[in-house]
Structure formats: C-alpha cells, structure tokens
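Enquirer: Based on what follows, work out the 3D shape:
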Amino acid sequence: MFIYPRLKDLREDKELNQTDIGKILGTSQKQYSRWETGETEIPFHHVITLAKLYNVSIDYIAGVTNGTD
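Expert: Numbers count the residues shown, from 1 in each chain. Here you go, the predicted structure:
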C-alpha cells in the first residue's frame, strides 16, 4: 500500500515535520509517526484532512492514482 510513504513524501514536500502535522490533526507527533510508518492505520477522516492540506486526491494518497491520471 502506498499510503504510508506518500504521507511522508507529501509532508516533506511541504517542509513540515511530524509535530506540525500532529497539531493540524489534533494528535501527538508520536501517534502521527505510527500512522506515517504504517504501524497503525490512520483514520479516514484524517486522510481527508491531509488530502485537503496537500491539495491532492484521496486516491493519490491511497496509491490508486499517481497524480497524473
């Protein structure tokens, strides 16, 4: 599944750290890290928030598209 590396790539492209994203999502850096590494599954409502933040589709985050489809 592409979601985990894409979360990291998108975050780094925006020059944000895990603490920044944790604050945006209302969670801790540690919890966000677990989602980004795939240790635990990220709740879907957070995927929606991140898609809006990064201006990409949910399909892109999920690996269904490559952003050029």
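
Enquirer: quick one: contacts for the one residue sitting closest to the centre of the chain?
Expert: With distances taken as Cα atoms, centre = their mean, the chain has residue 7 as the residue nearest its mean C-alpha position (3.4 Å). Contacts for residue 7 were tallied using Cβ atoms under 8 Å, 6 or more residues apart in numbering; they are 35, 36, 42, 50, 61. Quick note: C-beta positions are derived from backbone N, CA and C, even for glycine.

Enquirer: From residue 63, how far off is it?
Expert: Relative to residue 63, residue 7 is positioned 11 Å away (Cβ to Cβ, to the nearest Å).

Enquirer: now the closest residue to residue 28 other than its chain neighbours, what's its secondary structure?
Expert: In space, and not counting its chain neighbours, residue 28 is closest to residue 22: 5.3 Å by Cβ to Cβ, 6 or more residues apart in numbering. Following DSSP: H, G, I helix; E, B strand; the rest coil, residue 22 is assigned to helix.

Enquirer: same deal with residue 60?
Expert: Secondary structure, three-state DSSP: residue 60 is helix.

Enquirer: What strand or helix carries the residue nearest to the centre of the chain?
Expert: Take DSSP states H and E as the rule and residue 7 turns out to sit in helix 3-13.

Enquirer: Poorly predicted segments of the protein, please.
Expert: Along the chain, segments meeting pLDDT under 70 span 1-2, 67-69.

Enquirer: Do I have it right that residue 33 meets residue 17?
Expert: No: Residue 33 is beyond contact range of residue 17, at 10.3 Å (criterion: Cβ atoms under 8 Å).

Enquirer: Comparing these two, which residue is more hemmed in?
Expert: Counting neighbours by other Cβ atoms under 10 Å for residue 33 and for residue 17 shows that residue 33 has the greater number, 16 against 12.
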